[in-house]
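Peer 1: Here is the input, now give the coordinates:
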Amino acid sequence: MLHGPKRTQARAATLRQSMSLPEVLLWQELRKRPSGLRFRRQHPAGRYVLDFYCPRHRLAIEVDGEAHSRGDRPRRDAVRDEWLRAQGVRVCRLAAAEVLADTGTVVRHIIDIAGGDYPSTAFGGPPPPPGED
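Peer 2: Sure thing, here's the model as predicted:
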């Protein structure tokens, strides 16, 4: 299981109370467990907080607003993604504008990724055993 230290856990709890509109809209759909997928919102992982995390499929979903393309954010996101890959977690980055425009299509895309239609080569070995969520 992917966890974070107490400080990150506290930050995650705070972030759950102040989610962006695209995150809220996506959470409203993901909490319905589409295709049986269980997600956690604002999940602590090491020193990071993941927007959404599916433990069974070791899949992180990140909703990126415009700020993620400015300044040092692309570099910081790349470092974060590399750390997650090293932990055996696949990362799916979604533009906030896409979530706002068509949440249903975004959810279907997430289902496809979780179902293995887009396998990750970032890590080896078998998937986690069923029930690890």
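Peer 1: Only C-alpha atoms from now on, for both contacts and neighbour counts.
Peer 2: OK.
Peer 1: What residues does residue 50 make contact with?
Peer 2: If a contact means C-alpha atoms under 8 Å, 6 or more residues apart in numbering, then residue 50 has 41-44, 60-62 as its contacts.
Peer 1: Repeat the analysis, applying 7 Å as the threshold.
Peer 2: 42-44, 60, 62 (C-alpha atoms under 7 Å, 6 or more residues apart in numbering).
Peer 1: among those residues, which are in helices?
Peer 2: In helices, judged by DSSP state H, none of the contacts of residue 50 are found.
Peer 1: Show me the two of those residues that sit farthest apart.
Peer 2: 44 and 62 (12.9 Å; C-alpha to C-alpha).
Peer 1: which SS state does residue 110 fall under?
Peer 2: Under DSSP: H, G, I helix; E, B strand; the rest coil, the three-state class of residue 110 is helix.
Peer 1: which ones are touching it?
Peer 2: No contacts exist for residue 110 under C-alpha under 7 Å, 6+ apart.
Peer 1: Going along the chain, name the strands of the chain.
Peer 2: Taking DSSP state E, the strands of the chain run over residues 40-45, 48-54, 59-64, 90-95.
Peer 1: Count the neighbours of residue 24 for me.
Peer 2: Residue 24: 15 surrounding residues under other C-alpha atoms under 10 Å.
Peer 1: Between residue 44 and residue 62, point out the one with more neighbours.
Peer 2: Ranked by neighbour count (other C-alpha under 10 Å), residue 44 and residue 62 place residue 44 first, with 25 against 20.
Peer 1: ok so, going back, what would the contacts of residue 50 look like in a markdown table with distance to residue 107 and pLDDT?
Peer 2: Output for those, formatted as a markdown table (distance: C-alpha to C-alpha, whole Å; pLDDT from 0 to 100):
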| residue | distance to residue 107 | pLDDT |
| --- | --- | --- |
| 42 | 17 | 92 |
| 43 | 19 | 93 |
| 44 | 22 | 93 |
| 60 | 13 | 95 |
| 62 | 13 | 93 |
